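Enquirer: Got a sequence here, can you build the structure:
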Amino acid sequence: MSLAESMLAEFEAQAPITRKFLERLPGNRLTWKPHEKSMSAGQLGLHIARVPGGSVRFVQQNPAQAPNFNSAPQPASVGEILAEFDESIATVRTLLPQFSDAAMQETWRMVQGNQELLTIPRAQFLRDIMLNHWFQHRGQLCVYLRLLNVAVPASWGPSGDEQPVFLQKGQAA
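Expert: This is a model prediction of the structure:
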């Protein structure tokens, strides 16, 4: 299995779990923030939806120009977030398998103008941002849902509200 195929398999296992989190965002609370410095629930959901596909598109460039980290659009609906998520999933499925092991191990650079900000193997950037950063924000969304009194989906293990799918399969309905 290539590096890209291995990463895609992990992504495929986590995408349906992430979708459950996004589906539970209350549409009437998308502008809610737990703190004035926090993203709104909708901004966080949209960010989570866009991270995987955006990351894979981003590493196609080498060097890549650093994005504007201060831009967080406010979505109008949960449907908009889910549509972005579907597009992001399709992008990962299309582009990630195209990277050979050599391309995944290639030194990749992010720059701002003429200044180099980051130099790492492409696979490490994808692991750090497409997956780890994505999981970190999913955990953040878990807290938002709890504070909004919304049932939190299980992820790797049980939440306070439900069992993970692998434990549900063995239970009688």
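
Enquirer: Going by C-alpha atoms from here, please, whenever you check contacts or count neighbours.
Expert: Will do.

Enquirer: For the helix of greatest length in the chain, which helices and strands make contact with it?
Expert: As assigned by DSSP state H, the longest helix anywhere in the chain is helix 3-23. Judged by 3 or more C-alpha pairs under 8 Å, 6 or more residues apart in numbering; DSSP states H and E, helix 3-23 is in contact with helix 78-95, helix 101-105, helix 134-147.

Enquirer: right, and the helix or strand after it?
Expert: helix 41-58 (DSSP states H and E).

Enquirer: which residues sit against whatever helix or strand comes next after that following helix?
Expert: Later in the chain than helix 41-58, the nearest helix or strand by DSSP H and E is strand 64-65. With C-alpha atoms under 8 Å, 6 or more residues apart in numbering as the test, strand 64-65 has contacts from 58, 109-113.

Enquirer: go on, stretch 112-123?
Expert: Outside stretch 112-123, the residues within contact range by C-alpha under 8 Å, 6+ apart are 3-4, 59, 65-66, 103-111.

Enquirer: What is the least confident helix or strand in the chain?
Expert: Lowest by mean pLDDT, DSSP states H and E among the helices and strands of the chain is helix 165-168, with a mean of 76.
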